[in-house]
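Undergrad: Let's see this in three dimensions:
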Amino acid sequence: METLILKSTFAGHSELDLTKLVVAEIIVVGSCCGLFAPALRLLQTTTVAVESVTDAEFSLDDALTAFDFAAKSGVRKVLLRVE
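TA: Purely as a prediction, here's the structure:
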């Protein structure tokens with residue numbers, strides 16, 4: 001059984017066909033964005049070791065490769081660098 005986590009700030013209406021989710025028995029978890037200012041402060045102080053949960057970094061030019069990598073089992077976080 002797979003889990004799909006939807007992490008975003010979302011506004012608006014969406015019409016989805018949920019048939020494939022039901023047939024494949026996919027668990028869907030929604031997660032809205034929290035407060036950005038405290039999170040950014042933690043990142044600046046390196047209190048949170050984000051490197052330990054980042055499995056790979058790719059340039060924006062390699063975005064398709066990054067998405068393929070992110071789809072692999074066990075991958076937690078993939079960063080896209082815009083330079």
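
Undergrad: can you map out the strands along this protein?
TA: Along the chain, the stretches classed as strands by DSSP state E are 3-7, 27-31, 56-59, 78-81.

Undergrad: And the ones you listed, which one averages the lowest pLDDT?
TA: For the strands of the chain, mean pLDDT drops lowest on strand 3-7, to a mean of 79.

Undergrad: Could I get the buried residue list for that strand?
TA: Residues of strand 3-7 classed as buried: none (neighbour count, 16 or more other CB atoms under 10 Å). Heads up, the C-betas are built off the backbone N, CA and C, glycines and all.

Undergrad: quick one: that strand to strand 27-31, angle?
TA: On the basis of axes from the mean of the first three to the mean of the last three CA atoms, to 10 degrees, strand 3-7 is oriented at 20 degrees to strand 27-31.

Undergrad: what packs against strand 3-7?
TA: Contact here means 3 or more CB pairs under 8 Å, 6 or more residues apart in numbering; DSSP states H and E; on that basis strand 3-7 packs against strand 27-31.

Undergrad: which outside residues touch the strand it packs on?
TA: Applying CB atoms under 8 Å, 6 or more residues apart in numbering, the external contacts of strand 27-31 come out as 1-7, 21.

Undergrad: okay if I get those as CSV plus distance to Gly30?
TA: Output for the contacts of strand 27-31, formatted as CSV (distance: CB to CB, whole Å):
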residue, distance to Gly30
Met1, 17
Glu2, 16
Thr3, 12
Leu4, 10
Ile5, 8
Leu6, 5
Lys7, 8
Leu21, 13
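
Undergrad: Nearest residue to Ala24 in space, please, no chain neighbours.
TA: Spatially, and ignoring its direct neighbours in sequence, Ala24 is nearest to Glu2 (7.0 Å; CB to CB, 6 or more residues apart in numbering).

Undergrad: re the thing from before, which one of the strands of the chain lies closest to Asp17?
TA: Nearest to Asp17 among the strands of the chain is strand 27-31 (13.4 Å), distances taken as CB to CB.

Undergrad: partners of that closest one in the sheet?
TA: strand 3-7 (parallel) (DSSP bridges).

Undergrad: The partner strand: how far from the chain's middle?
TA: Taking CA atoms, centre = their mean, to the nearest Å, one finds the center of strand 3-7 at 7 Å from the center of the full chain.
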